[in-house]
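# Quick one: sequence and predicted model below, then my questions.
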Amino acid sequence: MKKLILTVAALALSAGTALAGDVVRMGTEGAYPPYNFINDKGEVDGFERELGDTLCAKAALKCEWVTNEWDSIIPNLLSGNYDTIIAGMSITDERKQTIDFSDNYNPPAASAYVATKADADLKGVVAAQVGTIQADYVAKSGATLLEFPTLDDTIAAVKNGEADAVFADKDALKPFVTEGGEIMWTGSDVPLGGGIGIGLRKSDTELKAKFNTAIAAMKADGSLNAMIKKWFGDDAPVF
């Protein structure tokens, strides 16, 4: 454990600060719609692409987008492969031991279960995306946790019978739940986390301040709430 902590600290130190360069690299997964996904043109799209571009414009930052698999998204931030994580990442005390966060740009939202039947066994085998607060919750719930690299993989596990249910952000699960479809809601919603924020290296205090100022401005003028409703619907939690 001590060796791991020292390694993480060394990576963070060697990465430097984002504003030392001309371009702020925005790191995202590109596989978690509607937060972020790759569109038909092969470009990063979704709520966080629109939000990130808006925040960069307000903060007078030149930004570019980089994709990275979820399970290594924090280590690659610390090693300097990009300067932010804007990928539907919930703010948690555990993550704050390693990285810093901006103010939240999404309020705390519900997590939920889906399955192929309404009375699925939520204490049986439950699939979740690796490294998420939902996976941590399942592991502590008494169910058997089955982790996968992507949300799509968790849905496939339920469809092919590997898992009894999937537990994930409710907003991310909504596209999979259709009237008369194979996937349906089961169990009760569970509120988790402190909302979603931009992940940053602890050394990037100036960049954090710039994003916080831009996020606060969007909260104050109502444009952030409007963007949330655009991507998540009128019933989405807002500020």
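Thanks, I have the structure now. Numbers count the residues shown, from 1 in each chain.
# Compute the number of surrounding residues for Glu206.
Neighbourhood size, Glu206 [other C-beta atoms under 10 Å]: 11. In this view, the C-beta of every residue, glycine as well, is placed from N, C-alpha and C.
# so it is in which element?
For Glu206, the enclosing helix or strand under DSSP states H and E is helix 205-221.
# Contacts for that helix, please.
With C-beta atoms under 8 Å, 6 or more residues apart in numbering as the test, helix 205-221 has contacts from 17-19, 24, 54-55, 58-59, 61, 83-84, 100, 102-103, 105, 198, 200, 224-225, 227, 239.
# which residues does the residue sitting nearest the centre point of the chain contact?
Centroid-nearest residue in the chain: Gly88, 1.9 Å away (criterion: C-alpha atoms, centre = their mean). Counting by C-beta under 8 Å, 6+ apart, Gly88 touches 29, 32, 35-36, 48, 169, 172, 196.
# Okay, and which of these map to helices?
Among the contacts of Gly88, DSSP state H puts 48, 172 in helices.
# if we can go back for a sec, buried subset of the contacts of helix 205-221 as a PyMOL selection?
The following PyMOL line selects those of those that are buried, judged by 16 or more other C-beta atoms under 10 Å:
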select buried, resi 18+24+54+55+58+59+61+83+84+100+102+103+105+198+200+224+225+227
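# Show me the contacts of helix 205-221 that map onto strands.
Under the assignment DSSP state E, the contacts of helix 205-221 contribute 24, 84, 100, 200 to strands.
# farthest-separated two in those residues?
Pairwise distances across the ones in strands among the contacts of helix 205-221 (C-beta to C-beta) peak at 14.9 Å, for the pair Val24 and Asp100.
# do you know how far Ala118 is from Ala236?
Ala118 is 24 Å from Ala236, where distance means C-beta to C-beta, to the nearest Å.
# Same drill for the two, tell me which one is more crowded.
Using other C-beta under 10 Å as the criterion, Ala118 and Ala236 rank with Ala236 on top: 17 against 9.
# if we can go back for a sec, which of the contacts of Gly88 tops the neighbour count?
Glu48 (29 neighbours).
# And that one, what's its pLDDT?
Looking at Glu48, its pLDDT is 98.
# check contacts around it.
28, 35-36, 86-88.
# go with 6 Å
The contact partners of Glu48, by C-beta atoms under 6 Å, 6 or more residues apart in numbering, come to 35-36, 86.
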